[in-house]
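**Q** predicted model follows, preceded by the sequence.
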Amino acid sequence: MDGATKISVQTACWVTIDGEIDATNAEELAGALDQPISVFVDCSNLTLIDSAGMGVIIDAYNVLVRNGLQLRVVGMNGEPLRAFELLRLGYLLDDPDDE
């Protein structure tokens, strides 16, 4: 066996959002994203996200990255995707071309 071989197993948390994220439920999302492992957020069925929801995702991303972990948003489409792109939050979006 080669001395440079490294095998690691990492676990990730999947959070799925169905519907809207706004100021009325952003704290619930914050609780779901508060994880000691990398987080993938499935936004395939996200229909609306306001600044409170975006702030929660950005804050969770910053905390996870500081701890050597990651947060990736997958399946974003429609108006929420346009909002993320307009605010230049593309670095949060999972890019299948990276794989």
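**A** Cool, got the structure.
**Q** quick check: the gap between T11 and F40.
**A** T11 is 11 Å from F40, where distance means C-beta to C-beta, to the nearest Å. The way it works is simple: take the backbone N, C-alpha and C, and place the C-beta from them, glycine included.
**Q** phi, psi of the closest residue to N67 other than its chain neighbours?
**A** Nearest non-adjacent residue to N67, counting by C-beta to C-beta, 6 or more residues apart in numbering: P36, 7.9 Å away. Phi and psi for P36, reported as degrees, to the nearest 10, are phi -90, psi 10.
**Q** just the pLDDT for P36.
**A** In this model, P36 is scored at 93, pLDDT.
**Q** going forward, begin numbering at 45 instead of 1
**A** Sure thing, new numbering starts at 45, so read that last one as P80.
**Q** count of neighbours near it?
**A** By the measure other C-beta atoms under 10 Å, the count of residues near P80 is 9.
**Q** let's see stretch 75-84 as PDB, backbone CA atoms only.
**A** The C-alpha trace of stretch 75-84 is given here as PDB (Å, rounded to 0.1, in the frame of the first residue of the first chain):
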ATOM      1  CA  GLY A  75     -32.000  25.700  13.700                       C
ATOM      2  CA  ALA A  76     -32.000  23.100  10.900                       C
ATOM      3  CA  LEU A  77     -28.700  24.500   9.500                       C
ATOM      4  CA  ASP A  78     -27.000  24.600  12.900                       C
ATOM      5  CA  GLN A  79     -25.100  21.300  12.400                       C
ATOM      6  CA  PRO A  80     -21.600  20.100  13.300                       C
ATOM      7  CA  ILE A  81     -21.200  18.500   9.800                       C
ATOM      8  CA  SER A  82     -21.400  19.800   6.300                       C
ATOM      9  CA  VAL A  83     -24.900  20.700   5.100                       C
ATOM     10  CA  PHE A  84     -26.600  20.400   1.700                       C
END
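**Q** cool, thanks, signing off.
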